[in-house]
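Asks: Pasted the sequence and its predicted model underneath.
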Amino acid sequence: MTISYDVLERALQSIKQAWPEAKPSCGLILGSGWSDVAEAFTVKSTIAYEDIPGLGAPGVVGHSGRLIWAEHAGLETFVFQGRRHWYEGEGWTPVSLPIYVLKKLGCTRLMVTNAAGGINSDFQVGDLMVITDHINAMCAHPLIGKANSIWGPRFPDQTYLYNAKLRDQLALAARKCNIRLKQGVYLAASGPTYETPAEIRSYKTWGADAVGMSTVPEAMLANAAGIKVVGLSCITNFAAGILDQPLSHKEVTEATRVAMPKMTSLVLQFWGEMAEAGLD
Ligand code: HPA
(Lines give C-alpha, C1' and ligand atoms only; values in the text may rest on other atoms or scores of the structure.)
Protein backbone atom coordinates (compact mmCIF):
# COMPACT_ATOMS: atom_id res chain seq x y z
CA MET A 1 0.00 0.00 0.00
CA THR A 2 3.06 2.30 0.12
CA ILE A 3 3.54 4.85 -2.67
CA SER A 4 4.91 3.40 -5.91
CA TYR A 5 7.36 6.00 -7.20
CA ASP A 6 7.80 4.15 -10.51
CA VAL A 7 4.12 4.60 -11.22
CA LEU A 8 4.20 8.27 -10.16
CA GLU A 9 7.13 8.90 -12.48
CA ARG A 10 5.30 7.24 -15.37
CA ALA A 11 2.28 9.45 -14.66
CA LEU A 12 4.48 12.55 -14.66
CA GLN A 13 6.14 11.58 -17.94
CA SER A 14 2.78 10.91 -19.62
CA ILE A 15 1.49 14.36 -18.59
CA LYS A 16 4.72 16.04 -19.70
CA GLN A 17 4.48 14.26 -23.02
CA ALA A 18 0.86 15.37 -23.53
CA TRP A 19 1.49 18.93 -22.37
CA PRO A 20 5.20 19.77 -22.78
CA GLU A 21 4.52 23.48 -22.17
CA ALA A 22 2.59 23.04 -18.91
CA LYS A 23 4.04 24.91 -15.92
CA PRO A 24 1.25 25.20 -13.32
CA SER A 25 1.93 27.54 -10.41
CA CYS A 26 -1.30 26.47 -8.69
CA GLY A 27 -3.14 23.23 -8.05
CA LEU A 28 -6.80 22.66 -7.20
CA ILE A 29 -8.22 19.33 -6.05
CA LEU A 30 -11.99 19.23 -6.34
CA GLY A 31 -13.71 16.89 -3.88
CA SER A 32 -17.23 15.51 -3.63
CA GLY A 33 -19.70 17.78 -5.39
CA TRP A 34 -17.05 20.40 -6.24
CA SER A 35 -16.44 19.24 -9.85
CA ASP A 36 -18.43 22.01 -11.55
CA VAL A 37 -16.12 24.70 -10.15
CA ALA A 38 -13.65 23.64 -12.86
CA GLU A 39 -16.02 24.85 -15.57
CA ALA A 40 -15.46 28.44 -14.45
CA PHE A 41 -11.74 28.27 -15.30
CA THR A 42 -10.44 28.87 -18.80
CA VAL A 43 -9.63 25.38 -20.01
CA LYS A 44 -6.57 24.81 -22.18
CA SER A 45 -6.77 21.01 -22.36
CA THR A 46 -7.98 17.96 -20.43
CA ILE A 47 -6.83 14.38 -19.84
CA ALA A 48 -9.12 11.63 -18.49
CA TYR A 49 -7.81 10.07 -15.28
CA GLU A 50 -7.99 6.64 -16.96
CA ASP A 51 -5.31 7.84 -19.37
CA ILE A 52 -2.86 8.76 -16.62
CA PRO A 53 -0.87 5.73 -15.37
CA GLY A 54 -1.69 5.00 -11.73
CA LEU A 55 -4.57 7.44 -11.40
CA GLY A 56 -7.61 5.57 -12.72
CA ALA A 57 -11.24 6.63 -12.57
CA PRO A 58 -12.66 7.82 -9.23
CA GLY A 59 -15.27 5.37 -7.95
CA VAL A 60 -17.52 7.92 -6.26
CA VAL A 61 -20.65 9.72 -7.49
CA GLY A 62 -20.01 13.48 -7.58
CA HIS A 63 -16.38 13.01 -8.62
CA SER A 64 -15.52 13.51 -12.27
CA GLY A 65 -12.20 12.10 -13.35
CA ARG A 66 -10.30 14.65 -15.39
CA LEU A 67 -7.08 16.54 -15.08
CA ILE A 68 -7.67 20.01 -16.50
CA TRP A 69 -4.88 22.30 -17.62
CA ALA A 70 -6.53 25.63 -16.92
CA GLU A 71 -5.99 29.28 -16.21
CA HIS A 72 -7.68 31.97 -14.17
CA ALA A 73 -6.53 35.48 -13.20
CA GLY A 74 -3.35 34.80 -15.14
CA LEU A 75 -2.46 31.83 -12.89
CA GLU A 76 -1.71 28.60 -14.70
CA THR A 77 -3.49 25.88 -12.78
CA PHE A 78 -3.85 22.11 -12.79
CA VAL A 79 -7.40 21.28 -11.69
CA PHE A 80 -7.90 17.72 -10.51
CA GLN A 81 -11.60 17.30 -11.14
CA GLY A 82 -12.35 14.46 -8.73
CA ARG A 83 -10.14 12.75 -6.18
CA ARG A 84 -9.03 9.27 -5.30
CA HIS A 85 -9.57 8.20 -1.70
CA TRP A 86 -7.75 5.87 0.68
CA TYR A 87 -10.99 3.90 1.22
CA GLU A 88 -11.06 2.93 -2.46
CA GLY A 89 -8.43 0.40 -1.48
CA GLU A 90 -5.85 1.06 -4.18
CA GLY A 91 -3.24 2.33 -1.77
CA TRP A 92 -1.53 5.69 -1.58
CA THR A 93 -0.27 5.93 -5.18
CA PRO A 94 -3.44 7.39 -6.75
CA VAL A 95 -3.97 9.68 -3.72
CA SER A 96 -0.42 11.06 -3.79
CA LEU A 97 -0.17 11.32 -7.59
CA PRO A 98 -1.59 14.86 -7.94
CA ILE A 99 0.84 16.20 -5.34
CA TYR A 100 3.82 14.46 -6.92
CA VAL A 101 2.95 15.81 -10.37
CA LEU A 102 2.32 19.34 -9.08
CA LYS A 103 5.58 19.44 -7.16
CA LYS A 104 7.63 18.11 -10.07
CA LEU A 105 6.10 20.72 -12.40
CA GLY A 106 6.97 23.58 -10.06
CA CYS A 107 3.61 24.31 -8.42
CA THR A 108 3.80 26.40 -5.23
CA ARG A 109 0.14 26.69 -4.16
CA LEU A 110 -2.54 24.05 -3.61
CA MET A 111 -6.20 24.37 -2.73
CA VAL A 112 -7.84 21.19 -1.45
CA THR A 113 -11.64 21.07 -1.29
CA ASN A 114 -14.10 18.59 0.17
CA ALA A 115 -17.61 17.93 1.40
CA ALA A 116 -17.79 17.54 5.16
CA GLY A 117 -20.22 16.83 7.95
CA GLY A 118 -20.63 19.69 10.40
CA ILE A 119 -19.82 18.97 14.05
CA ASN A 120 -19.60 22.56 15.30
CA SER A 121 -23.10 23.62 16.38
CA ASP A 122 -22.62 27.08 14.78
CA PHE A 123 -22.44 25.50 11.33
CA GLN A 124 -25.31 25.22 8.89
CA VAL A 125 -25.68 23.06 5.80
CA GLY A 126 -24.25 24.98 2.85
CA ASP A 127 -21.64 26.84 4.92
CA LEU A 128 -18.11 27.05 3.57
CA MET A 129 -15.31 26.47 6.08
CA VAL A 130 -11.66 27.37 5.67
CA ILE A 131 -9.56 24.67 7.30
CA THR A 132 -7.38 26.08 10.08
CA ASP A 133 -5.87 22.74 11.09
CA HIS A 134 -6.64 19.04 10.88
CA ILE A 135 -6.79 15.82 12.86
CA ASN A 136 -5.69 12.67 11.08
CA ALA A 137 -8.01 9.97 12.43
CA MET A 138 -7.62 7.74 9.37
CA CYS A 139 -5.34 5.32 11.22
CA ALA A 140 -3.21 5.46 8.08
CA HIS A 141 -0.53 7.78 6.72
CA PRO A 142 0.73 8.23 3.13
CA LEU A 143 4.33 8.77 4.24
CA ILE A 144 4.71 5.41 5.96
CA GLY A 145 7.37 3.62 3.95
CA LYS A 146 10.83 4.34 2.66
CA ALA A 147 11.72 8.05 2.85
CA ASN A 148 11.76 9.93 -0.47
CA SER A 149 13.49 13.29 -0.75
CA ILE A 150 10.51 14.90 -2.55
CA TRP A 151 8.74 15.00 0.85
CA GLY A 152 11.63 16.76 2.62
CA PRO A 153 12.84 15.55 6.02
CA ARG A 154 11.79 12.17 7.47
CA PHE A 155 9.63 13.91 10.10
CA PRO A 156 7.92 16.85 8.35
CA ASP A 157 6.77 19.72 10.57
CA GLN A 158 3.03 20.39 10.47
CA THR A 159 2.74 23.37 12.83
CA TYR A 160 1.81 25.77 10.03
CA LEU A 161 0.31 23.30 7.58
CA TYR A 162 -2.59 25.48 6.38
CA ASN A 163 -0.87 28.63 5.17
CA ALA A 164 -1.90 31.74 7.13
CA LYS A 165 -1.38 34.15 4.22
CA LEU A 166 -3.53 32.08 1.88
CA ARG A 167 -6.20 31.80 4.56
CA ASP A 168 -6.22 35.60 4.87
CA GLN A 169 -6.53 35.92 1.08
CA LEU A 170 -9.44 33.46 1.14
CA ALA A 171 -11.14 35.44 3.92
CA LEU A 172 -10.66 38.64 1.90
CA ALA A 173 -12.13 36.95 -1.18
CA ALA A 174 -15.14 35.82 0.89
CA ARG A 175 -15.73 39.36 2.17
CA LYS A 176 -15.59 40.75 -1.38
CA CYS A 177 -18.09 38.11 -2.54
CA ASN A 178 -20.33 38.65 0.48
CA ILE A 179 -19.96 35.01 1.49
CA ARG A 180 -20.01 33.97 5.14
CA LEU A 181 -16.82 31.97 5.62
CA LYS A 182 -16.59 29.76 8.70
CA GLN A 183 -13.31 28.41 9.96
CA GLY A 184 -12.42 25.26 11.81
CA VAL A 185 -10.56 22.03 12.32
CA TYR A 186 -11.21 19.25 9.81
CA LEU A 187 -11.01 15.66 11.00
CA ALA A 188 -10.41 12.91 8.47
CA ALA A 189 -11.67 9.41 9.21
CA SER A 190 -10.90 6.61 6.77
CA GLY A 191 -14.48 5.90 5.70
CA PRO A 192 -16.17 4.45 3.76
CA THR A 193 -18.78 4.16 6.51
CA TYR A 194 -20.03 7.42 7.92
CA GLU A 195 -19.16 7.89 11.57
CA THR A 196 -21.27 6.66 14.47
CA PRO A 197 -22.92 9.20 16.78
CA ALA A 198 -20.52 8.10 19.55
CA GLU A 199 -17.53 8.79 17.28
CA ILE A 200 -18.87 12.24 16.48
CA ARG A 201 -19.37 13.03 20.17
CA SER A 202 -15.78 12.06 20.88
CA TYR A 203 -14.39 13.92 17.85
CA LYS A 204 -16.15 17.01 19.16
CA THR A 205 -14.25 16.75 22.44
CA TRP A 206 -11.02 16.44 20.39
CA GLY A 207 -11.69 19.84 18.86
CA ALA A 208 -13.03 18.83 15.44
CA ASP A 209 -15.45 21.20 13.74
CA ALA A 210 -16.10 19.13 10.62
CA VAL A 211 -15.53 15.55 9.50
CA GLY A 212 -14.78 13.89 6.18
CA MET A 213 -12.87 11.08 4.51
CA SER A 214 -10.23 12.92 2.51
CA THR A 215 -8.02 16.01 2.13
CA VAL A 216 -5.67 15.32 5.05
CA PRO A 217 -3.38 12.97 3.08
CA GLU A 218 -2.96 15.42 0.19
CA ALA A 219 -2.51 18.36 2.57
CA MET A 220 0.19 16.51 4.53
CA LEU A 221 2.02 15.52 1.36
CA ALA A 222 1.87 18.98 -0.20
CA ASN A 223 3.08 20.59 3.02
CA ALA A 224 5.92 18.09 3.29
CA ALA A 225 6.87 18.89 -0.31
CA GLY A 226 6.99 22.62 0.46
CA ILE A 227 3.79 23.57 -1.37
CA LYS A 228 1.63 26.17 0.39
CA VAL A 229 -1.75 24.64 1.24
CA VAL A 230 -5.21 26.09 1.71
CA GLY A 231 -8.25 23.92 2.49
CA LEU A 232 -11.92 24.60 1.95
CA SER A 233 -14.86 22.44 3.09
CA CYS A 234 -18.50 22.66 2.10
CA ILE A 235 -20.62 21.61 5.08
CA THR A 236 -23.10 19.31 3.40
CA ASN A 237 -24.85 17.74 6.40
CA PHE A 238 -24.90 17.63 10.16
CA ALA A 239 -22.53 14.90 11.33
CA ALA A 240 -24.00 11.60 12.55
CA GLY A 241 -26.26 11.75 15.58
CA ILE A 242 -26.67 15.54 15.60
CA LEU A 243 -30.06 15.12 13.96
CA ASP A 244 -32.14 12.01 14.55
CA GLN A 245 -31.86 10.80 10.96
CA PRO A 246 -29.50 8.70 8.81
CA LEU A 247 -26.80 10.19 6.53
CA SER A 248 -26.63 9.67 2.80
CA HIS A 249 -24.35 10.62 -0.09
CA LYS A 250 -27.40 12.03 -1.89
CA GLU A 251 -27.74 14.73 0.77
CA VAL A 252 -24.05 15.54 0.29
CA THR A 253 -24.30 16.02 -3.49
CA GLU A 254 -27.57 17.96 -3.13
CA ALA A 255 -26.03 20.41 -0.63
CA THR A 256 -23.04 21.08 -2.91
CA ARG A 257 -25.39 21.57 -5.87
CA VAL A 258 -27.22 24.30 -3.94
CA ALA A 259 -23.97 25.90 -2.70
CA MET A 260 -22.26 25.73 -6.12
CA PRO A 261 -22.64 29.43 -7.10
CA LYS A 262 -21.03 30.40 -3.78
CA MET A 263 -18.26 27.81 -4.11
CA THR A 264 -17.44 28.93 -7.64
CA SER A 265 -17.37 32.66 -6.95
CA LEU A 266 -15.24 32.19 -3.84
CA VAL A 267 -12.65 30.06 -5.64
CA LEU A 268 -12.44 32.46 -8.61
CA GLN A 269 -12.16 35.51 -6.37
CA PHE A 270 -9.48 33.75 -4.32
CA TRP A 271 -7.48 33.09 -7.48
CA GLY A 272 -7.77 36.82 -8.18
CA GLU A 273 -6.48 37.65 -4.68
CA MET A 274 -3.52 35.26 -5.10
CA ALA A 275 -2.67 36.83 -8.43
CA GLU A 276 -2.89 40.34 -7.02
CA ALA A 277 -0.76 39.49 -3.97
CA GLY A 278 1.80 37.78 -6.19
CA LEU A 279 3.27 34.32 -5.80
CA ASP A 280 6.46 34.65 -3.76
N1 HPA B 1 -18.83 12.26 7.41
C2 HPA B 1 -17.79 11.88 6.63
N3 HPA B 1 -17.63 12.33 5.40
C4 HPA B 1 -18.50 13.22 4.92
C5 HPA B 1 -19.60 13.66 5.69
C6 HPA B 1 -19.77 13.14 6.99
O7 HPA B 1 -20.72 13.49 7.73
N8 HPA B 1 -20.29 14.53 4.91
C9 HPA B 1 -19.62 14.62 3.73
N10 HPA B 1 -18.54 13.83 3.74
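Replies: Received it, and whenever you're ready, just let me know what you need.

Asks: Leaving out sequence neighbours, find the closest residue to the closest residue to the ligand within the chain.
Replies: Nearest to the ligand, among the residues of the chain, is G117, at 2.1 Å (Cβ to the nearest ligand atom). Where you see a C-beta, it was placed from the backbone N, CA and C, and this is true even at glycine. Closest residue in space to G117, ignoring its immediate chain neighbours: A239 at 3.6 Å, by Cβ to Cβ, 6 or more residues apart in numbering.

Asks: List the residues that contact that neighbour.
Replies: G117, G118, I119, E195, I200, Y203, A210, V211 (Cβ atoms under 8 Å, 6 or more residues apart in numbering).

Asks: Let's see that with 6 Å instead.
Replies: Residues near A239 by Cβ atoms under 6 Å, 6 or more residues apart in numbering: G117, I119, I200, V211.

Asks: partners of Q183 in the sheet?
Replies: Using DSSP bridges, the bridge partners assigned to Q183 are V130.

Asks: Check whether it really touches T132, as I assumed.
Replies: Yes - counting by Cβ atoms under 6 Å, T132 is a contact partner of Q183 at 5.2 Å.

Asks: ok, now how distant is the residue nearest to G117 from V252?
Replies: According to Cβ to Cβ, to the nearest Å, A239 stands 12 Å off from V252.

Asks: Can you add secondary structure and pLDDT and give the contacts of A239 back as CSV?
Replies: Shown next, in CSV, are the contacts of A239 (DSSP: H, G, I helix; E, B strand; the rest coil; pLDDT from 0 to 100):
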residue, secondary structure, pLDDT
G117, strand, 98
I119, coil, 98
I200, helix, 98
V211, strand, 98
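
Asks: for the ligand, what are the nearby residues on the stretch 1-150 of the chain?
Replies: By the rule Cβ under 6 Å from any ligand atom, the part of the stretch 1-150 of the chain lying against the ligand is A115, A116, G117.

Asks: Can you check my assumption that the second one lies in a strand?
Replies: The reference is to A116. Yes - counting by DSSP: H, G, I helix; E, B strand; the rest coil, A116 is part of a strand.

Asks: residues in contact with it?
Replies: Neighbouring residues of A116 by Cβ under 6 Å, 6+ apart: A210, G212, S233, I235.

Asks: got the residues you listed as a markdown table, with distance to the ligand, secondary structure and neighbour count columns?
Replies: Below are those laid out as a markdown table (distance: Cβ to the nearest ligand atom, whole Å; DSSP: H, G, I helix; E, B strand; the rest coil; neighbours: other Cβ atoms under 10 Å):
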| residue | distance to the ligand | secondary structure | neighbour count |
| --- | --- | --- | --- |
| A210 | 8 | strand | 28 |
| G212 | 4 | strand | 26 |
| S233 | 9 | strand | 29 |
| I235 | 8 | strand | 26 |
